[in-house]
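Asker: Build the 3D model from these lines:
(chains A, B, C and D)
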2 protein chains.
Amino acid sequence: MKPSIKDVAHLAGVSLGTVSRVLNNNPKVKPENQQKVLRAIAQLGYHPNPFARSLPSNKTHMISIFLPLMSSEFYGYLFEGIDNELSNVWYDSSIYPVFSKRRLISYSNPNAFPYQSDGMLFVSLIPERLFEGGHVPTNKPVVLVDAFSDKYDSIYVDNVNGGYLAGKHLIEKPGEIYLISIGEERNVEFASGVFGKRRRGFERALEEAGMHLMNSHVFEIGENFWEALTVGRKILQKAILPVNIFAVCDTLAMGIVEAVKESGLKLGIDVRVIGFDDLKWSEKIGLTTVRQPIMEMGKKATTILLDRISRDTSPRHEVCFKPKLIVRKSTGR
Amino acid sequence: MKPSIKDVAHLAGVSLGTVSRVLNNNPKVKPENQQKVLRAIAQLGYHPNPFARSLPSNKTHMISIFLPLMSSEFYGYLFEGIDNELSNVWYDSSIYPVFSKRRLISYSNPNAFPYQSDGMLFVSLIPERLFEGGHVPTNKPVVLVDAFSDKYDSIYVDNVNGGYLAGKHLIEKPGEIYLISIGEERNVEFASGVFGKRRRGFERALEEAGMHLMNSHVFEIGENFWEALTVGRKILQKAILPVNIFAVCDTLAMGIVEAVKESGLKLGIDVRVIGFDDLKWSEKIGLTTVRQPIMEMGKKATTILLDRISRDTSPRHEVCFKPKLIVRKSTGR
DNA sequence: CCTCTTTGATGAAACGTTTCATTAAAGATA
DNA sequence: TATCTTTAATGAAACGTTTCATCAAAGAGG
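Answerer: All right, here's what the predicted structure looks like:
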């Protein structure tokens, strides 16, 4: 059986309390005894049991990351930012994907496994939509990333402004304007609303220029490459060139670009495409896009969460990053 | 404060043990008392604390999923298969990405947080390479998916045969043969070796046909679209047409396809491309590929893990799925 | 030398459960 | 009616820690 703190205490010839104090770096322990305890720990290969530890202390040194789905590059970058920040303080994280009714039911139990962590990071998720009563069923700190709520600390990028930048850029170009967005209505509970915001900003830019986005020029699809590819083909089949297309994320933009290349039309001349995100490959395919600082968002959110865990009681934090337009050849020049 | 089992017992007018038995569906409780307890639970909004529960019972109703990185579609499908299977038995899962030295250190503690779960699923990871001593530091059940080890239950696809199928298909076509693979040497500890196997099978097919893969025709890159795109451009610049290219996964194949389209060459005629995986979009871009049943693998691995958790002590399980060649127009006809 | 503080260690209670040995009550058998 | 089973409930111990109130020993001050 695994050694317990009792075995250590016995071997070192001290009491439980003393071992515990050594484990927790409590200064009130004689150097001599500390050595004895450390030797016993090493000799037995003892490691404290985190669950047992958390019972009296109510601390786990863990945070829980909730996110809607896994297979998007966005979350890879975000996670990198989070993990870097955690490594400074020896915290670890577990990831809990939220994408089904079943998961949601399980997470509405205030004693659900994930809520035993010291803090929660909700990524691209809005508690108001997810939970009955509109809040995460825990008293522990909760921080939102890539999502906004006026009840929680929120770290996000100014999506409306991002869409606006895209719009401003496209209205200068000749040709009709199309929008490829992500339909958030079907799964409204798992949606963060960021795509709707990008669209709003985009439409505002058009309106300011006295232009109007036609319903027939708007396509709402799933968040994946191949639906965008399909839509791209459909658009190019009957469009009057040149055409200007805003896709609300780079993955969709990629689908459009692919359709353009298939069709033999010239990207940046016949068809202009602008995306949103600026993922690693966006530069390689010359995609004009609106950049958001994903890793920084993850980092910032983590810092705030860790502060909250160590009893930061200041009023709600809200950090809004500014997006930046990156012009490449998919919109000509 | 949250209600505890004591509060329930008190309100229901029974002992702790009785409440516990109700919670665990132990039949030895009088219906009348059961009702009292259930009412008290509902009235207090009581939920058992999973950590406290796990202390005496050593059960969490959780499994831990370890995987090397997040942003690949492969893991999305796999997770779907896993989660479906879990939902039947009311198990939940947490995900632990393994990609840095730091993570590895933290996971070599036998009492690390993830090992408190009832079982571990190691995805695309080989314990022998990850841990000193060559095994996962836990006594609880461990099952490997998309990876092979003769020490653990292993669920995987026959990658050698998959590569062989790709090779057999390409050698029938005129033109030189290229291989785009993933360099596993840099991060050998986090690698599963599947790409090497695909390559071996591929080369075997060539050898059987008296052909030989030239070193200058092999490219080892990172597992991402844009490195493949870059390599694709490089190849097409100087290649003598026609060219036949095997990419060890669809994501890389996609990069090559993209390069082909940019170049204006004809896919399936000037340049033939075959991938591996058969992701959702592969059909849409007409990519010939070797299909592996990702979801099924996840499902099967989960079933086995759950059996192990409920004390299946039969000898080591090994399930090898057969890959299937899917011919589409990226290899002509 | 006596008292007062400080330092470090101790033992026990607590955290929220499960589980086990025990007991009480009820039913069955003779 | 007396004994034997069965059923259901109880109380306490256990799981592996932290923490708190208490205590003993040592050092300081007069």
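Asker: now stretch A:105-115, how far from the chain's geometric center?
Answerer: The gap between where stretch A:105-115 is centred and where its chain is centred comes out at 20 Å by Cα atoms, centre = their mean, to the nearest Å.
Asker: in stretch A:176-189, what counts as buried?
Answerer: Buried residues in stretch A:176-189, defined by neighbour count with 16 or more other Cβ atoms under 10 Å in any protein chain shown: A:176-182, A:184. Quick note: C-beta positions are derived from backbone N, CA and C, even for glycine.
Asker: End to end on it, go ahead and measure it.
Answerer: Stretch A:176-189 has its terminal residues 33 Å apart, counting by Cα to Cα, to the nearest Å.
Asker: Can that stretch be said to contact chain B?
Answerer: No. Figure legend: stretch A:176-189 not in contact with chain B (Cβ under 8 Å from any Cβ of the partner chain); closest approach 15.1 Å.
Asker: pLDDT (mean, whole number) over that stretch?
Answerer: Average pLDDT, stretch A:176-189: 89.
Asker: Need the residues that contact it.
Answerer: Contacts made with stretch A:176-189 from outside it, assessed by Cβ atoms under 8 Å, 6 or more residues apart in numbering or on different chains, are listed as A:104, A:129-130, A:170-171, A:191, A:193, A:195-196, A:198-199, A:202, A:206, A:211, A:213-214, A:217-223, A:228, A:231-232, A:235, A:239-240, A:243-249, A:252-253, A:256.
Asker: Return the subset of the residues you listed lying in helices.
Answerer: Mapping the contacts of stretch A:176-189 onto helices (DSSP state H) picks out A:104, A:129-130, A:170-171, A:195-196, A:198-199, A:202, A:206, A:228, A:231-232, A:235, A:252-253, A:256.
Asker: neighbours of the closest residue to residue A:264 other than its chain neighbours, just the number please.
Answerer: Setting aside the residues directly before and after it, residue A:264 is nearest to residue B:264 in space (Cβ to Cβ, 6 or more residues apart in numbering or on different chains), at 8.0 Å. Applying other Cβ atoms under 10 Å in any protein chain shown, we find 10 other residues in the vicinity of residue B:264.
Asker: go on, residue A:12?
Answerer: Residue A:12 has 22 neighbouring residues, counting by other Cβ under 10 Å.
Asker: Correct me if wrong: it contacts residue A:35.
Answerer: No. Counting by Cβ atoms under 8 Å, residue A:12 stays clear of residue A:35, with 9.1 Å between them.
Asker: give me the element the residue nearest to residue A:257 when sequence neighbours are not counted is part of.
Answerer: Nearest residue to residue A:257, sequence neighbours excluded (Cβ to Cβ, 6+ apart): residue A:273, at 5.6 Å. Assigned by DSSP states H and E, residue A:273 belongs to strand A:271-277.
Asker: Can I get that strand in CSV? Just the C-alpha atoms.
Answerer: Once side chains and other backbone atoms are set aside, the C-alpha atoms of strand A:271-277 remain, and they are given as CSV (Å, rounded to 0.1, in the frame of the first residue of the first chain):
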residue,chain,number,x,y,z
VAL,A,271,-12.3,37.4,-54.8
ARG,A,272,-11.2,39.2,-51.7
VAL,A,273,-11.3,37.3,-48.4
ILE,A,274,-10.8,38.5,-44.9
GLY,A,275,-10.8,36.4,-41.8
PHE,A,276,-10.5,36.7,-38.0
ASP,A,277,-8.0,35.3,-35.6
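Asker: So what's the gap between it and the chain middle?
Answerer: Here the centre of mass of C-alpha atoms in strand A:271-277, compared against the chain's by Cα atoms, centre = their mean, lies 21 Å away.
Asker: Same check on stretch A:224-231?
Answerer: Per Cα atoms, centre = their mean, the displacement of stretch A:224-231 from the mean C-alpha position of its chain is 23 Å.
Asker: what does that stretch rub up against?
Answerer: The set of residues external to stretch A:224-231 that reach it, using Cβ under 8 Å, 6+ apart, is A:180, A:219, A:221, A:247, A:251-256, A:258-259, B:280-281, B:284-285.
Asker: ok, the spatially closest residue to residue A:284 that is not a sequence neighbour to residue B:22 distance?
Answerer: Using Cβ to Cβ, 6+ apart and skipping the chain neighbours, the partner closest in space to residue A:284 is residue B:226 (4.2 Å). Look at residue B:226 and residue B:22: by Cβ to Cβ, to the nearest Å, they are 57 Å apart.
Asker: Compare these two and say which is more crowded by neighbours.
Answerer: Neighbour tally, residue B:226 and residue B:22, criterion other Cβ under 10 Å: the higher count belongs to residue B:22, 21 against 18.
Asker: Check the gap between the nearest residue to the more buried one once chain neighbours are set aside and residue B:19 for me.
Answerer: Nearest in space to residue B:22, with sequence neighbours left out and distances taken as Cβ to Cβ, 6+ apart, is residue B:37 at 4.4 Å. When Cβ to Cβ is applied, the distance between residue B:37 and residue B:19 equals 5 Å.
Asker: hey, what's in contact with both of those two?
Answerer: Common neighbours of residue B:37 and residue B:19 are listed as B:8, B:12 (criterion: Cβ under 8 Å, 6+ apart).
Asker: give me the residue from the stretch 151-300 of chain A nearest DNA strand C.
Answerer: Nearest residue of the stretch 151-300 of chain A to DNA strand C (Cβ to the nearest atom of the strand) works out as residue A:152 at 25.0 Å.
Asker: picking up where we left off before, name only those of the ones in helices among the contacts of stretch A:176-189 that count as buried.
Answerer: Burial by neighbour count, judged by 16+ other Cβ under 10 Å, picks out A:129-130, A:170-171, A:195-196, A:198-199, A:202, A:206, A:228, A:231-232, A:235, A:252-253, A:256 from the ones in helices among the contacts of stretch A:176-189.
Asker: shouldn't the residue nearest to residue A:257 be in contact with residue A:252?
Answerer: No. Checked against Cβ under 8 Å, the pair residue A:273 and residue A:252 is beyond contact range at 9.5 Å.
Asker: circling back: Three-state assignment for the residue nearest to residue A:284, please.
Answerer: With DSSP: H, G, I helix; E, B strand; the rest coil as the basis, residue B:226 sits in helix.
Asker: hey, where'd the strands end up in the stretch 201-333 of chain A?
Answerer: For the stretch 201-333 of chain A, the strands identified by DSSP state E, counting those that start in this stretch occupy A:218-221, A:243-247, A:271-277, A:288-291, A:318-321, A:324-326, in order along the chain.
Asker: hmm, the first one in reach of chain B?
Answerer: To tie it back to what came earlier, the one meant is strand A:218-221. No. Using Cβ under 8 Å from any Cβ, strand A:218-221 stays clear of chain B, with a minimum separation of 12.6 Å.
Asker: Within range of DNA strand C, give me the residues from chain A.
Answerer: If contacts are counted using Cβ under 7 Å from any atom of the strand, the residues of chain A sitting beside DNA strand C are A:14-18, A:21, A:27-30, A:32-33, A:55-56, A:111.
Asker: cutoff 10 Å now
Answerer: Contact residues (Cβ under 10 Å from any atom of the strand) of chain A with DNA strand C: A:9, A:12-22, A:26-34, A:36-37, A:51-58, A:111.
Asker: Report the buried members of those residues.
Answerer: Among the residues of chain A next to DNA strand C, those classed as buried by 16+ other Cβ under 10 Å are A:9, A:12, A:14, A:18-22, A:29, A:33-34, A:36-37, A:51-54, A:111.
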